[in-house]
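**Student:** starting from these lines, generate the structure:
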Amino acid sequence: MIVGSAVYVGSKVAPVYYTYYQFQSDLEQAAMVESYTTRSEADIQQSVATRGRDYGIPLRLEQIRVRRAGNEISISAEYTIHVDLPIHPIDLKFAPSTKNKRI
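**Tutor:** The predicted structure is shown next:
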């Protein structure tokens with residue numbers, strides 16, 4: 001029964017973490033590309049929100065921070081995913097972030 005419970009919880013939680021790691025990777029890629037563009041912070045913020053929605057992450061623009069400082073860009077977001085478990089539902093909080101500097 002314990003093993004079955006662990007497998008069940010893992011099947012609910014693992015996809016959420018997998019999505020987080022994919023989104024983190026996308027943020028890193030976006031920071032690399034955007035550090036060489038002249039797009040505005042608002043445009044980048046909108047692009048990050050769209051990427052998040054593509055993964056099923058409920059991101060609002062207020063949860064995404066984009067900051068340019070000289071030749072450096074940083075992108076971060078904070079969001080919570082609710083995992084509905086039978087006995088004890090949980091809210092998992094994530095805060096992916098990245099920073100990139102032009103060469």
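
**Student:** contacts, neighbours, all on C-alpha from now
**Tutor:** Fine.

**Student:** which helices and strands does the lengthiest helix in the chain pack with?
**Tutor:** Looking across the chain with DSSP state H, the single longest helix is helix 2-34. Here helix 2-34 touches helix 41-54, strand 72-77, strand 79-83, strand 97-101, going by 3 or more CA pairs under 8 Å, 6 or more residues apart in numbering; DSSP states H and E.

**Student:** where in this structure is pLDDT low?
**Tutor:** Residues of the chain meeting the criterion pLDDT under 70: none.

**Student:** Val48 and Glu28 touch, don't they?
**Tutor:** No: applying CA atoms under 8 Å, one finds Val48 not in contact with Glu28, separated by 10.9 Å.

**Student:** ranking the helices and strands packed on helix 2-34 by burial, who's on top?
**Tutor:** strand 72-77 (a mean of 20; mean count of other CA atoms under 10 Å).

**Student:** mind exporting the C-alpha coordinates of that strand to CSV?
**Tutor:** Presented in CSV, the C-alpha positions along strand 72-77 are these (Å, rounded to 0.1, in the frame of the first residue of the first chain):
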residue,chain,number,x,y,z
GLU,A,72,22.7,42.2,-19.0
ILE,A,73,19.2,40.9,-18.8
SER,A,74,17.5,39.0,-16.1
ILE,A,75,14.1,37.2,-16.3
SER,A,76,12.3,35.7,-13.3
ALA,A,77,8.8,34.5,-12.6
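
**Student:** contact partners of that strand?
**Tutor:** Residues outside strand 72-77 that contact it (CA atoms under 8 Å, 6 or more residues apart in numbering) are 27, 31, 34-35, 63-68, 95-102.

**Student:** at 6 Å what do you get?
**Tutor:** 35, 63-67, 95-101 (CA atoms under 6 Å, 6 or more residues apart in numbering).

**Student:** that strand: partners in the sheet, and parallel or antiparallel?
**Tutor:** Applying DSSP bridges, strand 72-77 is found paired with strand 64-69 (antiparallel), strand 97-101 (antiparallel).

**Student:** pull the first one out as PDB, backbone CA atoms only.
**Tutor:** When you say that, I think you mean strand 64-69. Extracted in PDB, the C-alpha atoms of strand 64-69 (Å, rounded to 0.1, in the frame of the first residue of the first chain):
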ATOM      1  CA  ILE A  64       7.000  38.000 -14.500                       C
ATOM      2  CA  ARG A  65      10.000  40.400 -14.000                       C
ATOM      3  CA  VAL A  66      12.300  41.400 -16.800                       C
ATOM      4  CA  ARG A  67      15.100  43.700 -16.200                       C
ATOM      5  CA  ARG A  68      17.700  45.100 -18.500                       C
ATOM      6  CA  ALA A  69      20.800  46.700 -17.100                       C
END
